[in-house]
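J.: Below: sequence and its predicted model.
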Amino acid sequence: MAKPLRNISFVMPVLNEQQYLGSAVKSVFEQSVPGEMELVLALGPSGDGTDDVAKALKRKYGTKLILVKSPTGLTSASLNLGIAKSQHEVVVRVDAHSELPEGYAALGVKILNTTGAANVGGMMVAKGKTNLQSAVAYGYNNRIGLGGGSFHVGGQPGAVDSVYLGIFRKSVLEKLGGFSETWVRGQDWELNQRIRAAGLVVWFDPRLKVGYYPRSNIKALAKQFFKTGFWRGALTRKAPAESAIRYWIPPLLVLASLFWFPFWIYIFTISIASLWAKELSLDQKQWLVVVLPVMHFGWGIGFWWGLIRGAKSL
């Protein structure tokens, strides 16, 4: 019988995260883990005060916090540098915009041990601090926004195509060559494709919930969704059979709006849908009518561009 996994290396890519880094790191060190733990921060070339925050955190947490320079700051490259520096057999990917709830890591290791999976993950639970960010968070957590993937809206535990973030066996990452640095975004999707192609399991469990703070202004949101759509389109070009139907809805909406479906009907529809968002205030509902088109059309336009260009940098 294989020895149970116990020791954990948390790996966090960091770029321009002065506002969120402290709370993200705090949530990691508040974890109760079954064995030893460490956190590796892979620091990209930030233009704000992120490096100063990281140095202050290093003084606070000492040897359990490891700082690694990531010259490009690209997520996939930062993750690989962090994983290479990590010492333990379980690698927990953490986002600087995320907050881990108590028990997340311990539960993840337990699921790895009981299922034999190569990677396990759960739900991204988006949160908002402002009316705009709360509207964006609603879009993340609702089928009307991101189409209903299990790691956004929940589902039954079991084998899936991909999960949010990920709790990995380091041996699998090393065997498969880690994250592909070809993919600026969508690197988690691409890696999980390779894990499944190797005959291994990617496992979803809705008990694993991670708090996430989405973009808090329209320009940043539009840029994010265009880029995410672009890389999803590039992945679809590479492996069309792996592309779920929900990924095609925004691109088809873009085509429909160009050729036969009046845009005002779309706006009218989402305005009515926004009224049903009972957990949102009136101001947040008004922002939702702005946020949803940015998410849908940003993704949709980016998807077509990525499908045409393939995996080329923007």
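T.: On my side now, so go ahead.
J.: which residues in the stretch 101-250 of the chain form helices?
T.: Applying DSSP state H, counting those that start in this stretch to the stretch 101-250 of the chain gives helices spanning 104-115, 131-141, 143-146, 150-153, 170-176, 187-197, 218-238, 249-259.
J.: now what about the second one, what contacts it?
T.: The contact list for helix 131-141, computed with Cβ atoms under 8 Å, 6 or more residues apart in numbering, reads 124-128, 145-146, 152-153, 212-218, 221, 277, 279-281, 283-285, 287-288, 290-292, 295. All C-beta atoms are positioned from the backbone trio N, CA, C, and that covers glycine.
J.: Output that helix as CSV - backbone C-alpha positions only.
T.: This file holds the C-alpha atoms of helix 131-141, laid out as CSV (Å, rounded to 0.1, in the frame of the first residue of the first chain):
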residue,chain,number,x,y,z
ASN,A,131,-20.8,47.2,-6.2
LEU,A,132,-19.0,46.6,-9.6
GLN,A,133,-16.9,43.8,-8.2
SER,A,134,-20.0,42.2,-6.6
ALA,A,135,-21.7,42.3,-10.0
VAL,A,136,-18.7,40.6,-11.6
ALA,A,137,-18.6,38.0,-8.8
TYR,A,138,-22.3,37.2,-9.5
GLY,A,139,-21.4,36.6,-13.1
TYR,A,140,-18.7,34.2,-12.1
ASN,A,141,-20.9,32.3,-9.7
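J.: thinking in terms of the whole chain, how far from its middle is that helix?
T.: Centroid separation for helix 131-141 versus its chain: 15 Å, with Cα atoms, centre = their mean, to the nearest Å.
J.: the inter-axis angle of it versus helix 218-238?
T.: Taking axes from the mean of the first three to the mean of the last three Cα atoms, to 10 degrees, one finds that helix 131-141 is oriented at 20 degrees with respect to helix 218-238.
J.: which residue ranges form the strands in the stretch 201-314 of the chain?
T.: Secondary structure of the stretch 201-314 of the chain, counting by DSSP state E, counting those that start in this stretch: strands at 202-212.
J.: Point out where it drops to low pLDDT.
T.: 312-314 (pLDDT under 70).
J.: sorry, back to before: out of the helices of the stretch 101-250 of the chain, indicate the one that is most buried.
T.: By mean neighbour count, with neighbours taken as mean count of other Cβ atoms under 10 Å, helix 131-141 ranks first of those at a mean of 23.
J.: could you give the mean pLDDT of that helix?
T.: Averaged over helix 131-141, pLDDT sits at 91.
J.: how much does it deviate in direction from strand 202-212?
T.: If you take the same axes, to 10 degrees, helix 131-141 sits at 170 degrees to strand 202-212.
J.: how far away is residue 286 from residue 142?
T.: Distance of residue 286 to residue 142, given as Cβ to Cβ, to the nearest Å: 16 Å.
J.: Could you do residue 285 as well?
T.: 13 Å.
J.: which residue sits closest to residue 226, ignoring its sequence neighbours?
T.: Closest residue to residue 226 apart from its sequence neighbours, by Cβ to Cβ, 6 or more residues apart in numbering: residue 302 at 4.0 Å.
J.: Could you do residue 238 as well?
T.: residue 311 (6.8 Å).
J.: ok, the one you found touching residue 181?
T.: No - with contacts counted by Cβ atoms under 8 Å, residue 311 stays clear of residue 181, the gap being 10.8 Å.
J.: Quick one: residues contacting the residue nearest to residue 238.
T.: Residue 311 touches 182, 183, 231, 234, 235, 237, 238, counting by Cβ under 8 Å, 6+ apart.
J.: how about the helices of the stretch 101-250 of the chain in TSV, adding distance to residue 26?
T.: Formatted as TSV, those follow (distance: least, Cβ to Cβ, whole Å):
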stretch	distance to residue 26
helix 104-115	13
helix 131-141	20
helix 143-146	28
helix 150-153	23
helix 170-176	24
helix 187-197	24
helix 218-238	24
helix 249-259	35
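J.: so which of the ones you listed gets nearest residue 270?
T.: Of all the helices of the stretch 101-250 of the chain, helix 143-146 sits nearest to residue 270, with 7.3 Å by Cβ to Cβ.
J.: returning to what we had before: what is in contact with residue 285 and residue 142 at once?
T.: With Cβ under 8 Å, 6+ apart as the test, residue 285 and residue 142 both reach residue 277.
J.: related to what we said a few turns ago, quick one, which of residue 286 and residue 142 is more surrounded?
T.: Set residue 286 next to residue 142 and count neighbours by other Cβ atoms under 10 Å: residue 142 wins out with 20 against 16.
J.: What separation do you get for that one and residue 276?
T.: 10 Å.
J.: What is the neighbour count of residue 280?
T.: As a measure of burial, residue 280 has 20 neighbours, counting by other Cβ under 10 Å.
J.: If you drop the residues flanking it in sequence, what lies closest to residue 250?
T.: Nearest non-adjacent residue to residue 250 (Cβ to Cβ, 6+ apart): residue 300, at 3.5 Å.
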